[in-house]
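Enquirer: sequence? don't have it. structure:
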């Protein structure tokens, strides 16, 4: 349950549309709901501005389906990451309007009206980085950020990135996704005034050590304003950018 839903419910009680018992019944699941295998945090949206996100890796199809259903029934937008196709198929049996983005491995369901605001720019070095970049995009859009994407603009062809400079400089937050040597984040950090969230990917040959080389390069960036999330964590990059975006728009 998010703040808007709670306020609407209390207004409806004040106007007589809902009885006190109906309000209490709706609030009974706060702050969390116990299930045989999970404690579902229905209070997170009130605390943090966005609800609990389902990390599907390691979960069974029935577990994902059950948790997704309980979050959706609470009336909030729902996002599941690292989801397999069979998980999406099971969720869509209950919620046909749920969207599976195969490139991002995400399932999202919008229960609240959409009003995408601000500007989050997502920059990806190469086509091989797109699964991580797309996870960031879906996450930020589900959190109501207006997103522009700038893909295949790695430093091996710097002119491709420089051609995007004007639009990147209009963003309130930038997510820079890159593997190999991870240089993209430093270059972007030297072009924009907005915070840059660097996302290293595991793309690269042997000496990239599964993304460790990109991670260390981004951590050692000489550009101010660059922060780094974990390897292949497009969700964290998109989430952080969306929070910065929301705070900037609300000022």
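Expert: Received the coordinates, thanks. Predicted model only: the values in this text are computed from it and were never measured.
Enquirer: For residue 237, give me its contacts.
Expert: 122, 132, 136, 139, 175, 177, 197-199, 229 (CB atoms under 8 Å, 6 or more residues apart in numbering). All C-beta atoms are positioned from the backbone trio N, CA, C, and that covers glycine.
Enquirer: And the pLDDT for it?
Expert: pLDDT, residue 237: 97.
Enquirer: ok, now residue 3?
Expert: For residue 3, the pLDDT comes out at 61.
Enquirer: ok, and the closest residue to residue 44 other than its chain neighbours, which helix or strand is that part of?
Expert: Using CB to CB, 6 or more residues apart in numbering and skipping the chain neighbours, the partner closest in space to residue 44 is residue 52 (4.8 Å). Counting by DSSP states H and E, there is no helix or strand that carries residue 52.
Enquirer: Give me the below-cutoff pLDDT ranges for the stretch 151-251 of the chain.
Expert: Applying pLDDT under 70 to the stretch 151-251 of the chain flags residues 251.
Enquirer: Next up, the contacts around residue 188.
Expert: With contacts defined as CB under 8 Å, 6+ apart, the neighbours of residue 188 are 123, 161, 168, 174, 176, 196, 223.
Enquirer: how about a cut-off of 7 Å?
Expert: Contacts for residue 188 were tallied using CB atoms under 7 Å, 6 or more residues apart in numbering; they are 123, 168, 174, 176, 196.
Enquirer: Three-state assignment for the third one, please.
Expert: Classification of residue 174 into helix, strand or coil gives strand, according to DSSP: H, G, I helix; E, B strand; the rest coil.
Enquirer: Surely it and residue 119 touch.
Expert: No - with contact taken as CB atoms under 7 Å, residue 174 and residue 119 are classed as non-touching, separated by 9.5 Å.
Enquirer: Who has more neighbours out of these two?
Expert: residue 174 (30 against 21; other CB atoms under 10 Å).
Enquirer: Looking at the contacts of residue 237, state which has the most neighbours.
Expert: That'd be residue 199 among the contacts of residue 237, by other CB under 10 Å, with 37 neighbours.
Enquirer: Got the domain ranges for the chain?
Expert: Using automatic domain parsing, the domain parsing of the chain gives 3-109, 117-250.
Enquirer: Let me know which of these is tucked in deepest.
Expert: Burial of these is given as mean neighbour count (mean count of other CB atoms under 10 Å); domain 117-250 ranks first at a mean of 21.
Enquirer: for that domain, the distance to its chain's centre please.
Expert: Counting by CA atoms, centre = their mean, to the nearest Å, domain 117-250 is centred 13 Å from the centre of its parent chain.
Enquirer: Could you work out the end-to-end span of that domain for me?
Expert: End-to-end distance for domain 117-250, by CA to CA, to the nearest Å: 10 Å.
Enquirer: So for residue 207, what's the nearest residue that isn't a sequence neighbour?
Expert: In space, residue 207 is closest to residue 213, 6.6 Å off (CB to CB, 6+ apart).
Enquirer: by contact count, what packs against the lengthiest strand in the chain?
Expert: With secondary structure taken from DSSP state E, the chain has its longest strand at strand 117-124. Strand 117-124 sits against helix 130-142, strand 145-150, strand 173-178, helix 234-250, with contacts defined as 3 or more CB pairs under 7 Å, 6 or more residues apart in numbering; DSSP states H and E.
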